[in-house]
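Need a 3D model of the following:
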Amino acid sequence: MIRRLLLLVLLAISPLALANPTVTLHTTHGDIVMELYPDKAPVTVENFLQYARDGFFEGTIFHRSIRRFVIQGGGFTADLEEKPTRDPIINEADNGLTNDRWTVSMARTSDPNSATSQFFINVGLNLSLDRRAGRDGYAVFGKVIDGQSVVREINNLPTHTVGFMRDVPKEKVIVERVSLGETSAQ
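Next comes the predicted model:
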């Protein structure tokens, strides 16, 4: 019995138990490394990782940039064609994480359970996007841990309107490839 308990304790504190997945977006403006939080947003993280493993994000662009607010990507090709996605996931905005600067959240429509592949990186402190009484909020599921200067550079690019899409960077910021890894939980 003691041996089994000791094994369970060792497994609980092992490096593997402490590892959070990371995703590196290798863009035309540099790398953005994001640590994901499966303990806080398991459905959202698994959804995002599945898109990453499938190569879905490769060739997509950051199609929306609102200065000192967010940059958004994960759904459109360089020609602004929307990519077909899997079914939407549930909104995990009630997970205790807030839309602080550099956090990563899921984009969605007015339907709180409509998120698919699109995500955004908070460039400012956007607590108005959090879940509150009467508001469903946007699910935070990770944080940029390296490449904040790349995010800032993208956010400072001039934008324009293309068709129905506003705030599109004039210079295309393309995700060339994605790599997966892990880091120790904090």
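
Contacts only, for Gly181.
Taking Cβ atoms under 8 Å, 6 or more residues apart in numbering as the definition of contact, the neighbours of Gly181 are 21-24. C-beta: built from backbone N, CA, C; applies to glycine.

how many neighbours does Phe164 have?
As a burial measure, Phe164 scores 6 neighbours (other Cβ atoms under 10 Å).

Return the per-residue confidence for it.
At Phe164 the predicted local distance difference test score is 94.

again with Thr183
As summarised for this prediction, Thr183 has a pLDDT of 71.

buried residues in the helix or strand where it lies?
With elements taken from DSSP states H and E, the one containing Thr183 is strand 175-184. The neighbour-count criterion (16 or more other Cβ atoms under 10 Å) identifies 175, 178 as the buried residues of strand 175-184.

That strand - which strands sit beside it in the sheet, and in what orientation?
strand 19-27 (antiparallel) (DSSP bridges).

How far does the partner strand sit from its chain's centre?
The chain centre lies 10 Å from the centre of strand 19-27; the measure is Cα atoms, centre = their mean, to the nearest Å.

Need the CA coordinates for it. CSV is fine.
These are the backbone C-alpha positions of strand 19-27, laid out as CSV (Å, rounded to 0.1, in the frame of the first residue of the first chain):
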residue,chain,number,x,y,z
ALA,A,19,4.3,19.7,-18.7
ASN,A,20,2.0,22.1,-20.5
PRO,A,21,1.9,21.9,-24.3
THR,A,22,3.4,24.7,-26.3
VAL,A,23,2.7,25.7,-29.9
THR,A,24,5.1,27.8,-31.9
LEU,A,25,3.7,29.7,-34.8
HIS,A,26,6.5,30.3,-37.3
THR,A,27,5.2,33.4,-39.1
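
Quick check: mean pLDDT of it?
Per-residue pLDDT values over strand 19-27 give a mean of 97.

and what of stretch 119-137?
Predicted confidence along stretch 119-137 averages 95 (mean pLDDT).

Show me what that stretch is in contact with.
By Cβ under 8 Å, 6+ apart, the residues outside stretch 119-137 that reach it are 32, 48, 64, 67-74, 91, 93-94, 98-107, 112, 138, 144, 151-152, 155.
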